[in-house]
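Q: I'll drop the sequence and a predicted model, then ask my questions.
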Amino acid sequence: MNAPSTFDTESLNAALGRAVENTDLEGFAPVGATRTRTLTLLRATSNAINEGSPQVAETIIRKINPEPTTGEPSVAHMIGVSLGLLDLWHDDPDLTQTLARARAPRWASRSRAAGTDIISLASKGRAFDSIGSLHRRYNAGEILNGSILAVTGTLQIWAESTNQSVRGLGKTVLTQAT
């Protein structure tokens, strides 16, 4: 997709900035129903991107709030969960070699660049710990899109190497993931 997201960049950047400053990381680490909903949205956007429906993914992404609401994840939640999972997956010795081939799918250039950087950081186990440096290089919308692209690209190569569908693998690894 070549069109940038229609986020209110100022609001998203402010919300992400506040979350980055949050010392207990609560802003990036949802629990309970909010975590479950975060995983559901991540699975839905990854499926849409993988299946060539970027408009569906954009519609889902546009509905994600800059700030958390009861039971609904925020932009920071989506980013935090994505980066945490990517670190976990890329650090798994059984997956390291396969996931080294992961690439961010086509999308708006800055978001795809963020996705590429995130995959590189995850391959070193540093994606989550690099939220602050990512925020200095990219706006919140680019990091959100990039983290979703990084998850999608990782699921694509993982599914291909294990003869699974992205949808099936996502259902397995993006349901109540730790």
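A: All right, it came through fine.

Q: Quickly find the element holding Ile60.
A: Ile60 is located in helix 54-62, with elements delineated by DSSP states H and E.

Q: State the mean pLDDT of that helix.
A: The average pLDDT within helix 54-62 is 95.

Q: Return the distance of the helix or strand that it is followed by from the chain's centre.
A: Counting by DSSP H and E, the element after helix 54-62 in chain order, helix or strand, is helix 75-91. The chain centroid and the centroid of helix 75-91 are separated by 6 Å under C-alpha atoms, centre = their mean, to the nearest Å.

Q: relative to helix 54-62, how tilted is helix 75-91?
A: Here helix 75-91 points in a direction 120 degrees away from that of helix 54-62 (axes from the mean of the first three to the mean of the last three C-alpha atoms, to 10 degrees).

Q: And helix 75-91, what's buried?
A: By 16 or more other C-beta atoms under 10 Å, the buried positions in helix 75-91 come out as 75-90. C-betas here are computed from N, CA, C, even on glycine.

Q: Name the next helix or strand downstream of it, please.
A: Heading C-terminal from helix 75-91 (DSSP H and E), you reach helix 96-99.

Q: Please identify the buried residues of that following helix?
A: For helix 96-99, by 16+ other C-beta under 10 Å, it's 98-99.

Q: what do you get for stretch 159-174?
A: 159, 166, 169-170, 173-174.

Q: Just put the residues you listed in TSV and tack on pLDDT, distance to Tyr138 and secondary structure.
A: Formatted as TSV, the buried residues of stretch 159-174 follow (pLDDT from 0 to 100; distance: C-beta to C-beta, whole Å; DSSP: H, G, I helix; E, B strand; the rest coil):
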residue	pLDDT	distance to Tyr138	secondary structure
Ala159	98	27	helix
Val166	97	25	helix
Leu169	97	27	helix
Gly170	95	24	helix
Val173	94	25	helix
Leu174	93	23	coil
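
Q: Between the residues you listed, which sits nearest Ala33?
A: Minimum distance to Ala33 across the buried residues of stretch 159-174 is 15.5 Å, recorded for Leu174 (C-beta to C-beta).

Q: Okay then, goodbye and thanks.
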